[in-house]
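S.K.: The amino acid sequence is not available; the structure is as follows:
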């Protein structure tokens, strides 16, 4: 385990001490920069822009293959939208969290570093009376045992997603191939890509496919999952998710929020970084902002606030919502520019809060009001783990009303937001920890979730290279788009392509 | 697509021309040997024994990382128990076949080489009247629409595998970690490892958990899947499979025999081989039998019938059933010797047969009689694909009575065996293609399936290295044991371990 160091990122709040920015993480690399170590003036084989999982895996695979790599990131830590903070020996996942053996890319990494034997299970039945789901929906409150709720969801989710009488299988036959594939009916996918989840809710209500009671759980779950109001959430992406989970809500739930790494995501990220570092072919420059990427005369210049660097190839892992901030010369294709001008809708909160009430470890809460004026700031909360001092960490997600109120602007609102869901949260609150993704200039949102009419128009274009620049990001992964797994898929692919191409170049720096 | 070349392996039979050994495959590499190309007398960094997926992936990952590798195989082709023959432009999977996006290691390879867009779907509803399941069980014949049968199986399979009231989840919480894991109750796993599937059948009958009608499908399916009689098949391994499929028979079926590569497994294997070859650090020696592996004074000598080779490290991918044929010096641990002295029970047929009856493309047949004297030679048959000339290729599997009759000894029996299942197969038969795995001296069986009392005793031991020799095989993979995916898992792990260890050695050959 590498020693944690401070990052400027993340917030803590306690009613006594107020707001504090900055937390410790294993993802903080020391020194922040190593590029002075590069001895010669030759260009790097590859510069990787972004030290999230995509960039880390690309850098590792390329350095393992004998290529020299410089990895540049504007943050003072690795991990991108996935990192683990450490406070008094407790670890908190600030962004990407859960993993599963059906996510093959990340599971491979976990096995590689022997971390598959160190898992934490989120759902917890230790307090059977509190192993419930409580839902606030349109002002009504429903509460029932967790298993009862899951049984209801299992059936209701199947009906909700059954847009074609085949559980969506005619629209998305293979969930890793939404827009293009041997079994894909492109016309049909385009048709469904027009719809929002709100469109489907309207249809489901009109045809009595699900009851209001069932929707009282499903709709907050959509809001939580997209970080967006249903009218801004892509129905096609929901069908993809359903197909990933074989239309079983319990299976999907198991994949999406059941298992996480005891040692934290930053520990996995650090393992990847260290494997690359051990090759002695990795340089890095954190706290380094890229302003331009200039591809001219067969090499690429990456202009940053710490100077310019040159390489034969570049991997841009810039997320969709911020890629337009970097100037590309020659300019990106009009379609890629349009793709980056439209923002994804993943604009929710993720906040860990601490309570002196052990029973909260078992509970699950959801909340939503379809009237925007009356709705809740947080769409879901559940017990995440019991801390060493006996307090319970409850993790809450919200979306749809984002940016109206930022927790860092008035953190004392956090316990109020939770108490809006259940008065139980009004007591024994002792503080919170979070990363304000929706106010993060390097991400401008959390995990990537599409609005309608985006997937089929831009997915293929986003994956295309631009001259010597590969574009790789979980935001346009084929399999687990928006997940750690998708980031690793994209990093793997970028490294493979670059390695193959450099290998075929006469006179390229060979091992 | 690489040009196919002849291998000595595989059989064809036609009533007119009789039996013929040898088929063409993309897995046949020319030249058969390249090791003369190695210019210096230094030992290889690694010798990989076995050119199946495990060995190919280990060799690729190591050569990519700058290590020199010699790959040795007794066969005249790559692929081990997975290879694709080509006859008149038609491709036939002679061994390992189906893949799925839940098998992360192989799906990654498929995406890597862009083959995920070229899939064939085995189940086919083109002939709705023939989209049935027909079962012969204990002399009774049942026939019903495929969907009806699947619905019955869905429910019956859940009940059959529900050994603990939790669908087996207390025994195998995470299917990729059967014997050891953070959630594993080792005592409970050991308890269930004592039981055969026959033990569970007896219990299911005594407690009326499944009807005879339901067992009429399930039991032949077990025989097909294990290549063994139920009394020789491990119940623990069945629970693992059930957990992989989330206790859903239809999901498991989709994973196990739905999607395969249009271009064939040998094309994927060849892609891996060629990526390694392009590094210019790969040597190979096919048709080369290993007799001894001698680990002495910090390097390993691999003695073969084509001479001796030396390396710093060796990866042995010898399958469980043949590993004991190679002499290890120093000798293997007593427990590993015992593990290799017990044979796995995967001793079934896999035979492709051709019929001038297009409707057979849609059918599925099962057969079993619990009286060994009365039982069928083949346990399952189904339409695999329609050939260009309009004939249908039906693939049949059998087990449990293996070695009593070998198809190559009297191939004219094949249509009789099929007609025993359904008289429909007595007509329009025009020939067969198969690999006789149960009579193959380099495998002595097909995919690895455990008898009772094997998994918990030997799994961990089988994974352990022996001095400078890594043992890697799908036979003891953690995730998809016995599958192509498991082979790739094991090859990946062996290469990672060796690379890390060589990197830490002072003075080792660095890039």
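M.R.: Okay, I see it. Because the structure is predicted, anything quoted here is derived from the model rather than measured. Numbers count the residues shown, from 1 in each chain, chains lettered A, B, ... in the order given.
S.K.: quick check: domain ranges of chain A?
M.R.: In the domain annotation for chain A, the residue ranges read A:5-84+A:264-332+A:457-504, A:123-257+A:347-446 (automatic domain parsing).
S.K.: how about the strands in the stretch 401-511 of chain A?
M.R.: Under the criterion DSSP state E, counting those that start in this stretch, the stretch 401-511 of chain A contains strands at A:429-434, A:469-471.
S.K.: and the domains of chain A, which is most packed in?
M.R.: Mean neighbours per residue, mean count of other CB atoms under 10 Å in any protein chain shown, is largest over these for domain A:5-84+A:264-332+A:457-504, with a mean of 22. The C-beta positions use only the backbone N, C-alpha and C, and glycine is treated the same way.
S.K.: wait, what's in contact with the residue most central in space within chain A?
M.R.: Within chain A, one residue has its C-alpha closest to the average C-alpha position: by CA atoms, centre = their mean, that is residue A:447, at 3.4 Å. Residues in contact with residue A:447 (CB atoms under 8 Å, 6 or more residues apart in numbering or on different chains) are A:81, A:95-96, A:227, A:346, A:474, A:482-483.
S.K.: If we use 10 Å, what do you get?
M.R.: Applying CB atoms under 10 Å, 6 or more residues apart in numbering or on different chains, we find residue A:447 in contact with A:81-82, A:95-96, A:225-227, A:319, A:344, A:346, A:348, A:350, A:437, A:474-475, A:481-484, A:486.
S.K.: and it, what pLDDT?
M.R.: Residue A:447 carries a pLDDT value of 97.
S.K.: That one and residue A:364, how far apart?
M.R.: Distance, residue A:447 to residue A:364, by CB to CB, to the nearest Å: 20 Å.
S.K.: With adjacent residues omitted, what lies nearest to the residue in the stretch 1-150 of chain A that chain B sits nearest to?
M.R.: At 1.4 Å from chain B, residue A:104 is the closest residue in the stretch 1-150 of chain A, using CB to the nearest CB. Excluding its sequence neighbours, the residue lying closest to residue A:104 (CB to CB, 6 or more residues apart in numbering or on different chains) is residue B:104, at 1.4 Å.
S.K.: Point me to the residue of the stretch 301-450 of chain A nearest chain B.
M.R.: When scored by CB to the nearest CB, the stretch 301-450 of chain A has residue A:385 as its residue closest to chain B, at 14.1 Å.
S.K.: doesn't residue A:318 fall inside a helix?
M.R.: No - the assignment for residue A:318 by DSSP: H, G, I helix; E, B strand; the rest coil gives coil, which leaves it out of any helix.
S.K.: So which residues on the stretch 351-500 of chain A come close to chain B?
M.R.: A:478-480, A:485, A:488-489, A:492-493, A:495-497, A:499-500 (CB under 10 Å from any CB of the partner chain).
S.K.: which residues touch residue A:430?
M.R.: Residue A:430 neighbours (CB under 10 Å, 6+ apart): A:14-16, A:353-356, A:389, A:391, A:415.
S.K.: where are the low-confidence patches of the stretch 201-350 of chain A?
M.R.: Across the stretch 201-350 of chain A, nothing is flagged by pLDDT under 70.
S.K.: So which residues on it come close to chain B?
M.R.: So the stretch 201-350 of chain A meets chain B at A:243-248, A:250-251, A:254-255, A:259, A:262, A:275, A:278-281 (CB under 10 Å from any CB).
S.K.: Mind checking which of these land in helices?
M.R.: Residues from those lying in helices, with DSSP state H as the criterion: A:243-244, A:250-251, A:254-255, A:275, A:278.
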